[in-house]
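J.: just a sequence and a predicted model for now, questions to come.
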Amino acid sequence: MMSLNSIYNKKKIAFFSTQPYDKAFFNKYNDEFSYELDYFETQLNPQTVILIENAAIVCVFVNDIVNEEVIRQLAEKGVKIIALRCAGFNNVDLEAAKKYNLKVCRVPAYSPQAVAEHAMAMILTLNRKTHKAYNRVREQNFSLNGLLGFDLFGKTIGIIGTGNIGKAFAKIALGFGCKVMAYDIVENDEMIKDGVSFVTLEEIFKTSDIISLHCPLNDQTKHVINKDSINLMKESVMIINTSRGGLIETACVIEGLKQGKIGYLGIDVYEQEEKLFFRDLSDDIIQDDAIQRLMSFPNVLVTAHQAFFTNEALTQIALVTFNNIKSLLTQNNIENKAALLV
């Protein structure tokens, strides 16, 4: 089988789910690497693999479909590397990649502050209703009725998942004077020194005024927010999700909102987002009844997978992705073990 070293001169990368900002940043930083970049706006799936021509590398994003069928076709086309320009990899069948001898790499950390700050922005927006105030004042309505919020100072924030983003978010929450609790399978000594209390998941649900999700999506965390966990929560709890849509069971959250159990919901991710996000659907009839119902609530804030979207994060994504590929092509390995999945 052809080695990675033998295809080093074939430095062509096929990008899928490409947005204008992807092109801008990857083109900007390609001078020192001199890759041949082939951009496709379409999602990678079993029907679009055919678009790849003589590329040894594919670069994919969060909503591309990289299952066994796709990986088999990639291998047949001579693709050797799947480079994710994101941290999450729940959309990639890693066992199939091993089976077909494809390397898989990712960007394990790119400005965790970007996502953490967006999570706090959602909290502040939902609480102080600045989005509604902005629209009111533009219509010359200077009334304060309906804009009442609460002090964040002294409130209990529960963090589920204390990786780089969860840790960054904890620092921000502590800066607001909040009591911060966290749950993870591994406790973080640095966070404990900063004043974070590690507790059980049940205690997070029972005692938090605000719950912020920062864990990966896997078999253990799928639908961690469900009917049973919502029943444990405080009345009018605020739930924030800037991680992965599948962490929330949408139907149960809708019911919790209708009953008033959930007082505020902020989501930057959605379980069926691949059919919606990163597209302009302003002239379309959206067929997804669940997202339409969510957006009908006055106490729900939806952003379209925007949390990562800062200049610093996109710079890191481009540079780390290019360097990951360079390392695999020249050394068949990556020094940062967290970046190499297969």
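T.: Yep, that arrived.

J.: what ranges does the stretch 151-300 of the chain have for its strands?
T.: Using DSSP state E, counting those that start in this stretch, the strands of the stretch 151-300 of the chain run over residues 156-160, 179-183, 197-198, 210-213, 237-241, 262-267, 300-302.

J.: tell me the angle the first one makes with strand 179-183.
T.: Okay, so that is strand 156-160. Strand 156-160 and strand 179-183 meet at an angle of 20 degrees, taking axes from the mean of the first three to the mean of the last three C-alpha atoms, to 10 degrees as the criterion.

J.: against which helices or strands is strand 156-160 packed?
T.: Secondary-structure packing of strand 156-160 (3 or more C-beta pairs under 8 Å, 6 or more residues apart in numbering; DSSP states H and E): helix 164-175, strand 179-183, helix 201-207, strand 210-213. For every residue, glycine as well, the C-beta is placed using N, CA and C.

J.: which elements pack onto whichever strand or helix holds residue 115?
T.: Assessed by DSSP states H and E, residue 115 sits inside helix 112-128. In terms of contacts (3+ C-beta pairs under 8 Å, 6+ apart), helix 112-128 is packed against helix 164-175, strand 210-213, strand 237-241, strand 262-267, strand 300-302, helix 311-331.

J.: which of the ones you listed sits most buried?
T.: strand 210-213 (a mean of 26; mean count of other C-beta atoms under 10 Å).

J.: who are the packing partners of it?
T.: helix 112-128, strand 156-160, helix 164-175, strand 237-241.

J.: residues contacting it, please?
T.: Contacting residues not belonging to strand 210-213 are listed as 119, 123, 155-161, 166, 169, 173, 178, 204-205, 224-225, 233, 237-243, 247-248 [C-beta atoms under 8 Å, 6 or more residues apart in numbering].

J.: so what strands line up beside it?
T.: Paired with strand 210-213 in the same sheet, following DSSP bridges, are strand 156-160 (parallel), strand 237-241 (parallel).

J.: quick one: distance of the first one to the chain centre.
T.: Using C-alpha atoms, centre = their mean, to the nearest Å, the distance from the centre of strand 156-160 to the centre of the chain it belongs to is 18 Å.

J.: what's that strand in contact with?
T.: Strand 156-160 is contacted by residues 166, 169-170, 173, 178-184, 196, 201, 204-205, 207-215, 224 when judged by C-beta under 8 Å, 6+ apart.

J.: swap in stretch 25-45?
T.: By C-beta under 8 Å, 6+ apart, the list of residues contacting stretch 25-45 from outside reads 11-19, 22-23, 48, 51-53, 55, 58, 60, 63-66, 70, 274, 314-315, 317-319, 321-322, 325-326.

J.: what about the residues you listed, which are in helices?
T.: 22, 23, 70, 314, 315, 317, 318, 319, 321, 322, 325, 326 (DSSP state H).

J.: what's the closest non-adjacent residue to the fifth one?
T.: In space, not counting the residues next to it along the chain, residue 315 is nearest to residue 25; the distance is 6.5 Å by C-beta to C-beta, 6 or more residues apart in numbering.

J.: center of this structure - which residue?
T.: residue 243 (4.3 Å; C-alpha atoms, centre = their mean).

J.: phi, psi for it please.
T.: For residue 243, the backbone dihedrals (degrees, to the nearest 10) come out as phi -100, psi -80.

J.: quick one: contacts for it?
T.: Residues counted as contacts of residue 243 (C-beta under 8 Å, 6+ apart) are 88, 161, 165, 213, 214, 215, 216, 217, 269.
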